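Asker: Sequence first, predicted model second:
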Amino acid sequence: MIRAEHEIHRRRRSRNVGMLVVLIGLICVVFGLTMVKVKQLGAAQSFDHVVRPELLPGEEAPQ
């Protein structure tokens, strides 16, 4: 069995690790933006992003 590692395998591995870091970073950015948006629009309906007054604390809904 051949166990010698060729230079191209080392380069390919380093590219794969670099791509992994980039993808994890992108996932973290998207997750962070999602969390910020959810906190800001927590009382919004998901289909039209309109604030529902009945979900706001301390305010009466207009009738």
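Answerer: Looks like it arrived, so ask away.

Asker: and stretch 22-37, average pLDDT?
Answerer: Averaged over stretch 22-37, pLDDT sits at 94.

Asker: How far away from the center of its chain is it?
Answerer: For stretch 22-37, the separation from the chain centroid amounts to 3 Å (computed by CA atoms, centre = their mean, to the nearest Å).

Asker: Please enumerate the helices of the protein.
Answerer: If you assign secondary structure with DSSP state H, the helices in the chain sit at 7-40.

Asker: From residue 22, how far out is the most centrally placed residue in it?
Answerer: In the chain, the C-alpha nearest the mean C-alpha coordinate belongs to residue 31, at 2.0 Å (CA atoms, centre = their mean). Taken as CB to CB, to the nearest Å, the spacing of residue 31 relative to residue 22 amounts to 15 Å. Where C-beta positions appear, they are placed from N, C-alpha and C, glycine not excepted.
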